[in-house]
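# Curious how this folds, go ahead:
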Amino acid sequence: MKSGFKFSAYQKLPQDPFDKLFEIFKELIVHTSGDFDEAIDWLRQLDDEYKLTTPEYTIDDFIRDLIERGFIRQEIRPDGSGETELSSKLEQLIRKSALEQIFGDLAKRGTGNHGSKSDGRGDELTGGHRAYQFGDAPELIDVTASLRNAHQNNFGADLQLTEDDLLVNETEYKSQMSTVLMIDISHSMILYGEDRITPAKKVAMALAELITTRYPKDTLDIIVFGNDAWPVQLKDLPYLQVGPFHTNTVAGLQLALDILRRKRNTNKQIFMITDGKPSCVREKDGRYYMNSNGLDEYIVEQCYNVARQAKKLHIPITTFMIAQDPYLQRFVNNFTQANQGKAFYTGLKGLGEMIFEDYKNNRKKRLR
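Below is the predicted model:
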């Protein structure tokens, strides 16, 4: 008998039929804004074209497993008709799937908070030491380094450990971040044959999952804006839909500032995902002023005013512009200059990675 390794051609392990369909189903349920019946119709069409199922395991078997595993529930109305709803268990899996898609294996790298560039009283060791100061936590004292220090300070004499010998592990200051993510749900987000709202929803779900699992001390509020602006809950994200709306950027920014004023964190920021120009504001009497033809100076100036207001509050605005029109880029440049924030002109590809990197970079410094 000879010991050693035997190599052979890679053979893909057979995938459970439920798991194969489930991966596709999670994508479809986001595209259909949580409409279970429409997602299943699409799944049946894909099955007809690509033969996803077998006589031993059909789409009906898959639906039965979804119910048994607690991913969906069937509600019976008083009139006897039924309705299928997604469970919170499935909603969480969809957010986790979005995180894995956009940020790769980031969720598997362990837990922790963001660090700033300044040292202080935190919970992550930097590898350095400093002299003990009154009030330092006892668990931060490096016993080995302190004993070594005492031996050097009392060389040739009996070993005595005094307060002057104590060395404390230096830690990295941990700051907190409060973020408001604004998502444009105006009609242009589905115009021109391009679905822009689905990637925006995935980014929101991934960012929410990232913060709740990796940076639990941070806060994330998500708002949508069309003719008006309103906050949405975490559980609402898969169901976001575009409406027959104009783009009231001012209303979205004002709501974001109102939310951040109530946060106690020093670090605050606004992320705005939009693909269109501001075309609507609400007047003091409640009426809407709308103009979709070009850039309306009256609307644009109100956008600049809110940007300046955010600057005074030390709240940077990062705009992710899903458009390449030169006149819109000029507007975003002026808007960014008024706020002293940042702007990215991007398509849909790489949007999630870009937002994550900016979020991570902003959390490395104190925003004052």
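# which ones are touching Ile223?
Residues near Ile223 by CB atoms under 8 Å, 6 or more residues apart in numbering: Val180, Leu181, Met182, Ile183, Ala229, Trp230, Pro231, Val232, Gly252, Leu255, Ala256, Ile259. Just so you know, the C-beta spots here come from the backbone N, C-alpha and C atoms, and that holds for glycine as well.
# Please name the nearest non-neighbouring residue to Leu255.
Computed as CB to CB, 6 or more residues apart in numbering, the closest residue to Leu255 that is not its neighbour in sequence is Ala229, at 4.5 Å.
# Pass me the low-pLDDT residue ranges in the stretch 151-300 of the chain, would you?
Under the criterion pLDDT under 70, the flagged ranges of the stretch 151-300 of the chain are 155-157, 170-175.
# all strands for it, in order.
Ranges of strands in the stretch 151-300 of the chain, per DSSP state E, counting those that start in this stretch, are 167-174, 177-184, 219-225, 229-232, 267-274, 280-282, 288-290.
# In a markdown table: those strands, plus distance to Ala310.
Conversion of these to a markdown table gives the following (distance: least, CB to CB, whole Å):
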| stretch | distance to Ala310 |
| --- | --- |
| strand 167-174 | 25 |
| strand 177-184 | 11 |
| strand 219-225 | 14 |
| strand 229-232 | 15 |
| strand 267-274 | 7 |
| strand 280-282 | 17 |
| strand 288-290 | 22 |
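# Tell me which of those strands lies nearest to Phe331.
strand 267-274 (10.9 Å; CB to CB).
# elements contacting the closest one?
strand 177-184, helix 249-261, strand 317-321, helix 351-362 (3 or more CB pairs under 8 Å, 6 or more residues apart in numbering; DSSP states H and E).
# ok, 7 Å please
When contacts are defined as 3 or more CB pairs under 7 Å, 6 or more residues apart in numbering; DSSP states H and E, strand 267-274 packs onto strand 177-184, helix 249-261, strand 317-321.
# May I see these organised as a markdown table, with mean neighbour count added?
Formatted as a markdown table, the helices and strands packed on strand 267-274 follow (neighbours: other CB atoms under 10 Å):
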| stretch | mean neighbour count |
| --- | --- |
| strand 177-184 | 24 |
| helix 249-261 | 21 |
| strand 317-321 | 23 |
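# right, so of these, which gets closest to Leu167?
That would be strand 177-184 among the helices and strands packed on strand 267-274, by CB to CB, at 31.2 Å.
# returning to what we had before: I'd like the contacts of Ile223 written out as CSV, with distance to Tyr289 added.
As requested, those are exported to CSV (distance: CB to CB, whole Å):
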residue, distance to Tyr289
Val180, 24
Leu181, 26
Met182, 20
Ile183, 23
Ala229, 16
Trp230, 19
Pro231, 24
Val232, 25
Gly252, 16
Leu255, 18
Ala256, 21
Ile259, 24
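# And Tyr50, how close does it get to Asp37?
21 Å (CB to CB, to the nearest Å).
# quick one: contacts for Ile67?
Contacts for Ile67 were tallied using CB atoms under 7 Å, 6 or more residues apart in numbering; they are Gln74.
# Need the pLDDT of it.
Looking at Ile67, its pLDDT reads 95.
# change the start of the numbering to 14 and stick with it
Sure, I'll start numbering at 14, so the last one becomes Ile80.
# State the helix or strand in which it lies.
Using DSSP states H and E, Ile80 maps to helix 72-81.
# Flag every buried residue along that helix.
Neighbour-count burial for helix 72-81 flags Ile72, Phe75, Ile76, Asp78, Leu79 (criterion: 16 or more other CB atoms under 10 Å).
# What is the neighbour count of the residue nearest to Leu268?
When neighbours are defined as other CB atoms under 10 Å, Ala242 has 21 of them.
# Contacts only, for it.
Ile236, Asn261, Ala264, Gly265, Leu268.
# which one among these gets closest to Gly289?
Nearest member of the contacts of Ala242 to Gly289, counting by CB to CB, is Asn261, at 11.0 Å.
# if I pick the closest one, what's in contact with it?
Contacts of Asn261 (CB under 7 Å, 6+ apart): Phe238, Gly239, Asn240, Asp241, Ala242, Cys293, Val294, Arg295.
# Summarise which helices and strands the helix or strand following the helix holding Ile80 is packed against.
Going down the chain from helix 72-81, the next helix or strand is strand 85-89, by DSSP H and E. Where contact means 3+ CB pairs under 7 Å, 6+ apart, strand 85-89 is packed against strand 95-99.
# Could you figure out how far the strand it packs on is turned away from helix 72-81?
Here strand 95-99 runs at an angle of 70 degrees relative to helix 72-81 (axes from the mean of the first three to the mean of the last three CA atoms, to 10 degrees).
# tilt between the helix or strand following strand 95-99 and strand 95-99?
Beyond strand 95-99 in the direction of the C-terminus, DSSP H and E gives the next helix or strand as helix 101-116. Between helix 101-116 and strand 95-99, the angle formed by their directions is 40 degrees, by the same axes, to 10 degrees.
# So for helix 101-116, what gets flagged as buried?
Applying 16+ other CB under 10 Å to helix 101-116 flags Leu103, Glu104, Ile107, Arg108, Lys109, Ser110, Ala111, Leu112, Ile115, Phe116 as buried.
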